[in-house]
Structures are given as structure tokens and as C-alpha cells.
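>>> Would you be able to build a 3D model of this:
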Amino acid sequence: MSRISTQKSMCSFLFRPRRRVGLWLTGVMACAATLGFADITNKVYFGVTPPAYGYLTNAVVNGAPVTLAKNATNDIVDPTDGGGVPISLEAKAANSVQIFSYWSGSLAADLPNVGDAVVTDLSILGDGDLIANFTNKVTLKVSSANTVFGNTIPVSGSTTGVPLGRAVSLTAVPNAGYEFWYWTNVSGNVSVLLTNSATTLVTANATTGSPEVRAYFKAKRTLTVVVTGLGQVSMSSDVSLPDPIITNKYYFADGETVTLTAIGLGQSFKKWEAIGIPVLSPYQPQLSFVMTNNPIVTATFGNLVTLTLVSGGNGNVQVNSETPVESSGTFKLDMSSFATITA
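A predicted model of the protein is given here:
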């Protein structure tokens, strides 16, 4: 009889010198049923530069803790026949003077953030290298000019260690009723990429000079909306606002466009009045303007009657101070009021 031997990486068949096709097929089927994946050994170089500035720790390969040789090629065994094996590790500075800066090497492209010293479940699919880069640490102070107006991330007044010469992200967070204004370099050799952006990149170019960056905030423009009579006003702009509004104050960034729409509730819209902005069409229910100061806008509602005028010939008709018409027009007037008609 034939004897079948199966292993993880290969199958061998031993046959007596007889031509038995049925036994050959049985042997192939038995081998296929017991055949497993072959282990693949990936050659991965884990480096630290400069070598004296840091080390690698907390390494876990495929769920099991391991010790990685620094600045050496390590064997990473993949039992899935090339399906990938997850590895986690952390780069730490050797002392308080140095700090991790970034990952480089062929495997760094697979990282979600090369600036994060902790690597979690990086899938190793073949040979490659992963280098932890360290540099001198700069103590950077981040502050807000007025914490009543807004704060920062990291929190205002705190100091944080950042890598020398490498950009890090800072964020300014305004409080309600205020908006971010700008970043400035208070002291030290510090570069701010976008001074007018609430989230920006900051680079410390020297370890000396007590580097500090500061966020400035300012009060938003205030819009006051007043409703007289039975009606309401809806509001639209580039920010999220309640709709409709009755009588309230709202805050907008300088230069933002706001549109108000008057909606009668039992009474008809009569007119807009405003302090601080021009009202070009006071009798139209929709009003748009740019926030360049702090306007007060009043929407007036009341009981109106409709007056329709028809004129003939080449003349025109004007009612009170409304726009003249060439031949005919419809006007809404206050009930029980006097109207002046000019032909």
C-alpha cells in the first residue's frame, strides 16, 4: 500500500511499484485536505537615529510581546503565507533632553501619522525598514491673549515639548460670542505657518529664547433682531441658527452675509427698519446684508389693505414714498391710515 505523509509546507507520497490510479487520486485528496500555509519570514530593519537619542519598546508581533534589536534586521514571521502580520511598538526618548520626531523608512508610508511615537497594528507584508527619528526637545509655551474670549489646544499657559525643527499642530478655540483673530510669535525663534487660521502648524527653530506663541480672539459682530406685531423672522447664513427667531441677539464673523425673511402670523409684513446697515428695499420681506458692524434690525407687522391703482397715458403714480409705477400698481397700506397719491 501507499503511505501518505503530510506537513505544513509540503506533501510527500510513497508508493509501491504498482500502477494504481485510484490510490494516486486518494493521495492527492488527502494531501489537499491537510495542507496548511507555510510560514514566511520577513526581514525588517528597525532603526533609531541618532542611536543614542532613543530606543524602541512595547513591541508586540501578532499578539505576542517581543524584543526588537535596535538598528538591526529582525525576523518577523508571518504564519499566513503573506497575508500580513500586525506589529505594534513605541519609540521613546533616552532622556528628557531629546524627543521623538517622526518615523521614516519604507514602512512609514503605511502609518496614519508618522509623527505619532506609538505604532499600533502595522501590517507587515514583506521586507522593509522603519526608522524612529529623534531630535532635541524644545519647550514651547502656548497661550491665549484672553481666556474669556477663547483658549488653545494645548491649553493656554501650558508648555509642551516639541521636536526641534519639525512642525506641530496648534488649535485656537473661541468661546461663544467670540471668533479667532490671529496667532503671533511672542518670543523665541518660532515660525507660524498660517497666522490667520485657528488650526496651524508651528515650528520651533531653536531650543533657546523661551519660545511662545499666542492666540488672539475678538468679539463677533452682534445682530439684534426686533419683531413688532404678529410675525416672525427666519434667518440664514453660513452658520447654524435657530429658525424662526422672535426677538434676540446673534453673533457673526466679521464680513459674513446674513439674510432675514419676514413671515406674517395673522398680520402682514409692513417694512424693515435698521440701525447700522442700509435698507434698500424696506417693503420687501427679504433683507440681505453684510455684517460689518453691530446692526439693529426691526421687522414690523400689521393689518394692511390692498390698494390697486391704474393709470393711463404716459404718466406714473406714486403712493407715499414707494416706487412709482408706469401704468398700474398694487400697494399694501395700513388699515385706517391716510394715503397720499401723486400722479
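
>>> Please make it C-alpha for all contacts and neighbour counts, starting now.
Noted.

>>> State the number of residues packed around residue 113.
13 (other Cα atoms under 10 Å).

>>> hey, where'd the strands end up in the stretch 51-200 of the chain?
In the stretch 51-200 of the chain, the strands defined using DSSP state E, counting those that start in this stretch lie at 54-61, 64-65, 72-78, 85-93, 98-104, 118-124, 128-144, 150-153, 158-163, 168-174, 178-187, 190-192, 199-204.

>>> outside of the shortest one, which residues touch it?
In this structure, residues lying in contact with strand 64-65 by Cα atoms under 8 Å, 6 or more residues apart in numbering are 58, 59.

>>> mind checking the end-to-end distance for stretch 117-136?
One end of stretch 117-136 to the other measures 15 Å (Cα to Cα, to the nearest Å).

>>> Quick one: closest of the strands of the stretch 51-200 of the chain to residue 284.
strand 178-187 (31.7 Å; Cα to Cα).

>>> Could you name the helices and strands sitting against that closest one?
Applying 3 or more Cα pairs under 8 Å, 6 or more residues apart in numbering; DSSP states H and E, we find strand 178-187 packed against strand 150-153, strand 168-174, strand 190-192, strand 212-219.

>>> I'd like those laid out as TSV, including distance to residue 103.
As requested, those are exported to TSV (distance: least, Cα to Cα, whole Å):
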stretch	distance to residue 103
strand 150-153	24
strand 168-174	14
strand 190-192	22
strand 212-219	26
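
>>> which one of those lies closest to residue 48?
Ranking these by distance to residue 48, with Cα to Cα as the measure, places strand 168-174 first at 20.8 Å.

>>> Which parts of the stretch 201-343 of the chain are strands?
212-219, 221-228, 231-236, 248-252, 257-264, 268-275, 286-290, 296-302, 304-310, 318-319, 328-334, 341-342.

>>> Output the third one as CSV, restricted to C-alpha atoms.
Once side chains and other backbone atoms are set aside, the C-alpha atoms of strand 231-236 remain, and they are given as CSV (Å, rounded to 0.1, in the frame of the first residue of the first chain):
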residue,chain,number,x,y,z
GLY,A,231,-44.9,87.9,12.8
GLN,A,232,-41.6,86.2,12.9
VAL,A,233,-38.2,86.4,11.2
SER,A,234,-36.3,83.4,9.7
MET,A,235,-32.5,83.7,9.4
SER,A,236,-30.0,82.1,7.1
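
>>> name the helices or strands packed onto that strand?
Packing partners of strand 231-236 (3+ Cα pairs under 8 Å, 6+ apart): strand 257-264, strand 296-302.

>>> Next, the angle strand 257-264 makes with the last one.
Taking axes from the mean of the first three to the mean of the last three Cα atoms, to 10 degrees, one finds that strand 296-302 is oriented at 20 degrees with respect to strand 257-264.

>>> Which residue, neighbours along the chain excluded, lies closest to residue 261?
Spatial nearest neighbour of residue 261, chain neighbours left out: residue 286 (4.4 Å); criterion: Cα to Cα, 6 or more residues apart in numbering.

>>> centroid residue for the chain?
residue 199 (9.3 Å; Cα atoms, centre = their mean).

>>> what's the pLDDT at residue 13?
Note on residue 13: pLDDT of 37.

>>> for residue 1, that is, sorry about that
pLDDT, residue 1: 36.

>>> Ok, residue 89 next?
With respect to pLDDT, residue 89 has a value of 97.

>>> Check residue 78 too.
If you check residue 78, the pLDDT there is 88.

>>> and the nearest residue to it once chain neighbours are set aside, how many residues sit next to it?
Distances taken as Cα to Cα, 6+ apart place residue 40 nearest to residue 78, at 5.0 Å, with adjacent residues excluded. The burial count assigned to residue 40 is 18, neighbours taken as other Cα under 10 Å.

>>> I'd assumed residue 83 was in contact with residue 40.
No: the pair residue 40 / residue 83 is not scored as a contact, 9.6 Å apart, by Cα atoms under 8 Å.

>>> Now residue 209. Nearest residue, chain neighbours left out?
Nearest residue to residue 209, sequence neighbours excluded (Cα to Cα, 6+ apart): residue 188, at 4.5 Å.

>>> Pull up the gap between the one you found and residue 203, please.
Following Cα to Cα, the distance that separates residue 188 from residue 203 is 11 Å.

>>> Looking at those two, which is more packed in?
residue 203 (20 against 17).

>>> how about the residue nearest to that one when sequence neighbours are not counted, what does it touch?
Among residues not flanking residue 203 along the chain, residue 167 sits closest, at 4.4 Å (Cα to Cα, 6+ apart). Shown in contact with residue 167 (Cα under 8 Å, 6+ apart): 201, 202, 203, 204.

>>> By neighbour count, which of those wins?
residue 204 (24 neighbours).

>>> What is the burial count for the residue lying closest to that residue once chain neighbours are set aside?
Spatial nearest neighbour of residue 204, chain neighbours left out: residue 190 (4.6 Å); criterion: Cα to Cα, 6+ apart. Neighbour count of residue 190, defined by other Cα under 10 Å: 22.

>>> Use 339 as the first number from now on
Yep, numbering from 339; the last one is residue 528 now.
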